[in-house]
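Participant: here's my sequence, what's the structure:
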Amino acid sequence: MLAFLIVIIILSFKFLDKAAPYVIIAAILLYIYHLIKGAFLFIWRGVTSTPGLIIIGTIAVIVLLTLVLTANMCDVCSKKYRHGTLAHVKDGKVCFNCLQQVGVDLTQLPTDISVEKTLSVKDIKDLQAHHTVIDPLNRWQYYQTHATDEAPTTTKSAMDASLSTQDTADLHELKALLDDGIITQAEFDAKKKQILGL
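Facilitator: Residues are numbered from 1 along each chain as shown. Take a look at the predicted model:
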């Protein structure tokens with residue numbers, strides 16, 4: 001086919017003066033069509049052959065099994081749950097049990113508060129690892145006042161602005177207990193996160 005294309009190009013320059021570019025374009029388009037048709041025929045033969053069908057069937061089974069096995073699975077504890085017992089967080093699905101372990105009880109919160117939208121799977125795993133319980137209402141209020149396109153970050157000035165006088169007094173009391181050696185650094189950090197609602 002390539003030899004035929006070359007012959008057409010040479011003959012069009014010899015015998016067709018002004019029409020030569022049009023003939024060349026038509027010949028090139030015909031050649032491209034032939035290549036595409038050949039590629040599709042090759043793929044079709046490969047797909048419809050017995051090994052091709054086996055490969056495609058295997059890939060389809062793997063994809064379907066993956067979808068079935070990961071459907072309705074909590075991204076924190078990796079357990080399967082019934083439909084409707086998972087909450088959607090920023091980057092996945094979390095069961096109500098995992099949310100309750102960090103202080104978020106969706107059944108007790110008003111319907112217009114979506115605290116789970118302020119949490120990510122990593123946040124929940126970190127809170128569970130440190131045995132930290134958050135105050136969902138404070139977190140939601142903080143999220144509403146400081147919502148940006150990015151994930152909310154906690155800075156010292158933002159935390160100071162949102163702290164009440166009682167929270168500040170509690171933090172000073174905690175720091176005094178830590179300085180006196182009554183509580184450990186880990187206990188201090190856990191209680192501090194609880195007070196701050198993180």
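
Participant: quick one, what contacts the most centrally placed residue in the chain?
Facilitator: With distances taken as Cα atoms, centre = their mean, residue 91 lies nearest the centre of the chain, 4.7 Å away. Taking Cβ atoms under 8 Å, 6 or more residues apart in numbering, we find residue 91 in contact with 75, 120, 121, 122. Placement of C-beta: from N, CA and C, glycine included.

Participant: only the buried subset of these, as a PyMOL command please.
Facilitator: To isolate in PyMOL the members of the contacts of residue 91 that are buried, counting by 16 or more other Cβ atoms under 10 Å, one can use:
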select buried, resi 75+120+121
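
Participant: can you give the domain ranges for the chain?
Facilitator: 2-70, 72-132 (automatic domain parsing).

Participant: the longest one - what's its average pLDDT?
Facilitator: The reference is to domain 2-70. Domain 2-70 carries an average pLDDT of 87.

Participant: same for the longest helix along the chain, what does it pack against?
Facilitator: As assigned by DSSP state H, the longest helix anywhere in the chain is helix 20-48. Counting contacts by 3 or more Cβ pairs under 8 Å, 6 or more residues apart in numbering; DSSP states H and E, helix 20-48 packs against helix 2-15, helix 50-70.

Participant: which other residues reach stretch 52-60?
Facilitator: So stretch 52-60 is contacted by 46, 47 (Cβ under 8 Å, 6+ apart).

Participant: using CSV, write out every CA atom in it.
Facilitator: Output in CSV follows, covering the C-alpha atoms of stretch 52-60 (Å, rounded to 0.1, in the frame of the first residue of the first chain):
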residue,chain,number,x,y,z
GLY,A,52,-8.6,-12.4,23.7
LEU,A,53,-12.0,-13.3,25.1
ILE,A,54,-10.4,-15.1,28.0
ILE,A,55,-8.2,-12.0,28.8
ILE,A,56,-11.2,-9.6,28.5
GLY,A,57,-13.4,-11.9,30.6
THR,A,58,-10.7,-12.1,33.3
ILE,A,59,-10.3,-8.3,33.5
ALA,A,60,-14.1,-7.9,33.7
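
Participant: follow-up on the earlier one: now do the longest helix of the chain against helix 2-15, angle only.
Facilitator: 170 degrees (axes from the mean of the first three to the mean of the last three Cα atoms, to 10 degrees).

Participant: buried ones in helix 20-48?
Facilitator: In helix 20-48, counting by 16+ other Cβ under 10 Å, buried: 23, 24, 27, 31.

Participant: how far off centre is it?
Facilitator: Remark: helix 20-48 is offset 41 Å from the chain centroid, using Cα atoms, centre = their mean, to the nearest Å.

Participant: one more: stretch 54-66?
Facilitator: Taking mean C-alpha positions (Cα atoms, centre = their mean), stretch 54-66 and its chain are 23 Å apart.

Participant: what do you get for stretch 4-11?
Facilitator: Counting by Cα atoms, centre = their mean, stretch 4-11 comes out at 55 Å from the chain centroid.

Participant: can I get the CA coordinates of that stretch in PDB?
Facilitator: Extracted C-alpha coordinates of stretch 4-11, given in PDB (Å, rounded to 0.1, in the frame of the first residue of the first chain):
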ATOM      1  CA  PHE A   4       1.100   2.400  -4.300                       C
ATOM      2  CA  LEU A   5       1.000   5.800  -2.400                       C
ATOM      3  CA  ILE A   6       4.500   6.700  -3.600                       C
ATOM      4  CA  VAL A   7       3.700   5.800  -7.200                       C
ATOM      5  CA  ILE A   8       0.500   8.000  -7.100                       C
ATOM      6  CA  ILE A   9       2.500  10.900  -5.700                       C
ATOM      7  CA  ILE A  10       5.200  10.600  -8.400                       C
ATOM      8  CA  LEU A  11       2.700  10.200 -11.200                       C
END
